[in-house]
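> Turn this into a model:
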Amino acid sequence: MITPLRSLAFMVAFYPGSLMFVLAALACGPFSPSAVQKIAKGWSRYHRLCARWLLGQRVRIVGDLPIGEYLYIVKHESMFETIDLLTVFDRPVIAAKRELFDIPLWGKVATYYGLIPIERSGGASAMRTLRSQAQAANAAGRAVLIFPEGTRVRHGEAPPLRAGFAGLYTLLRLPVVPIALDSGAVSPRGSFRKKAGVITYKVGEIVPAGLDRREAEERVHAAINALNPPSALTVD
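Sure thing, here's the model as predicted:
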């Protein structure tokens, strides 16, 4: 019974608390983007505290996380990392699907914060917009992160990378830092039940800029799936 009770306590604490952060960001957004970024980081830290003390989830980072002009590619298994990455990085800019910006209140805050909307069917025009926004974020000293699988996947699954990764890798001409993650093992997508445990970020070997598409995709795909169970059935 402890897992459902912990999960309920998390919901009762985190979601009403999140509303307070959203309202504060909405009030500051038109006047101070930097204030929104600080509020967002406070929200992320609040989320990590709730996860630690109510759910019994701890975070560890394996490997050295380089900071600089890189494209960070992150495995995506849970809502956990979409929030927690604001604590792992300093003011990161995350590329997110366009539909998320239509969520009432939250979507407006996402715009104020500087998240990059991805138009999945936007073609070359969308990629040019994505490139310009990512370049502007790098110029401002903000890390650019993308989830190359396009959506959350179950722990152990390894779907192919979406085409957007190759396009952005080619356009930005930046080295890539791939990051594996196993959050889905304790906070599976679409589930109310969140288990106690350790959530690991594993930093992979840097993939240099300028490789051909196939080699870059193979290296990144292997690195972000490094925490998958050895016996898991994967999709190539």
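> Distance check, D212 against A166.
D212 sits 10 Å away from A166, going by CB to CB, to the nearest Å. For every residue, glycine as well, the C-beta is placed using N, CA and C.
> beta partners for Q57?
Q57 has the following beta-bridge partners by DSSP bridges: G197.
> Against R6, how distant is it?
Counting by CB to CB, the separation of Q57 from R6 is 9 Å.
> about what we covered before: okay, D212 and A166: which has more neighbours?
More crowded of D212 and A166, by other CB atoms under 10 Å: A166, with 17 against 9.
> Surely the more buried one is in a strand?
No: assigned with DSSP: H, G, I helix; E, B strand; the rest coil, A166 falls outside any strand and is helix.
> That one and R213 touch, don't they?
Yes: counting by CB atoms under 8 Å, A166 touches R213, with 4.8 Å between them.
> how close does the residue most central in space within the chain sit to P160?
What sits nearest the mean C-alpha location of the chain, by CA atoms, centre = their mean, is T82, with 4.0 Å. Using CB to CB, T82 is found at 21 Å from P160.
> With L100 instead?
Here L100 is placed at a distance of 22 Å from P160 (CB to CB).
> The residue nearest to K41 when sequence neighbours are not counted in helix, strand or coil?
Leaving aside its chain neighbours, K41 sits nearest to L86 (5.5 Å; criterion: CB to CB, 6 or more residues apart in numbering). Judged by three-state DSSP, the three-state class of L86 is helix.
> can you check E99 too?
Criterion first, three-state DSSP; result for E99: helix.
> That one and A223, how far apart?
In terms of CB to CB, E99 sits 28 Å off from A223.
> ranges for the strands of this structure?
57-62, 71-74, 93-97, 116-118, 144-146, 176-181, 197-203 (DSSP state E).
> Look at the residue nearest to K41 and report its pLDDT.
According to the prediction, L86 has pLDDT 96.
> how about it, what does it touch?
A40, K41, W43, S44, P92 (CB atoms under 8 Å, 6 or more residues apart in numbering).
> Can you pick out the ones from the residues you listed that are in helices?
Among these, the members falling in helices are A40, K41, W43, S44 (criterion: DSSP state H).
> quick one on the thing from earlier: determine which two of the contacts of L86 are furthest apart.
The largest separation in the contacts of L86, counting by CB to CB, is between W43 and P92 at 13.4 Å.
> circling back: and the pLDDT at the residue nearest to the centre of the chain?
For T82, the pLDDT comes out at 93.
> now do A137
The model's pLDDT for A137 equals 88.
> you'd agree it is up against Y113?
No: checked against CB under 8 Å, the pair A137 and Y113 is beyond contact range at 11.2 Å.
> what comes into contact with the helix or strand bottoming out on mean pLDDT in the chain?
Here the helix or strand of the chain ranked lowest by mean pLDDT, DSSP states H and E is helix 123-139, holding a mean of 79. Contact with helix 123-139 is made by 69, 71, 93, 95, 114, 116, 118-119, 122, 143-144, 164, 167-168, 171-172, 174, as judged by CB under 8 Å, 6+ apart.
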